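Undergrad: give the three-dimensional model of this entry:
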Amino acid sequence: GAEELLCTFVTTGSAFTEQHWYYCYTCGLAGASGCCSACVQRCHKGHAVAYSRLSRFFCDCGQAGRPEDEEADEHSGSGPGP
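TA: Predicted coordinates for the structure are as follows:
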């Protein structure tokens with residue numbers, strides 16, 4: 001269901017939380033930046049992605065889509081639904 005594909009930034013914010021995370025070379029998320037396992041499947045599907053590691057991390061994809069002064073109800077990818 002959709003719950004498994006919820007960006008971890010929704011719950012962790014910018015707190016570093018131990019999780020598996022990935023690089024997306026298409027979006028320039030590499031080195032110290034990356035995306036969570038939900039975003040790699042939703043927002044970065046079909047992109048040039050690679051597994052990074054399990055470490056303390058917060059999702060840069062989720063942070064980029066969510067300005068701190070603005071609350072959004074959900075992290076939705078752009079494009080047509082199923």
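Undergrad: neighbours of residue 49, how many?
TA: 20 (other Cβ atoms under 10 Å). C-beta coordinates here come from the backbone N, C-alpha and C atoms, glycine included.
Undergrad: for it, give me its contacts.
TA: Neighbour list for residue 49: 22, 23, 24, 25, 26, 35, 40 [criterion: Cβ atoms under 8 Å, 6 or more residues apart in numbering].
Undergrad: who does the third one bridge with?
TA: Right, the one you point to is residue 24. Applying DSSP bridges to residue 24 gives these bridge partners: residue 29, residue 49.
Undergrad: so which of the contacts of residue 49 comes closest to residue 11?
TA: Ranked by distance to residue 11 (Cβ to Cβ), the contacts of residue 49 are led by residue 35 at 15.0 Å.
Undergrad: phi first, then psi, for the closest one.
TA: Note on residue 35: its backbone torsions stand at phi -130, psi 150 [degrees, to the nearest 10].
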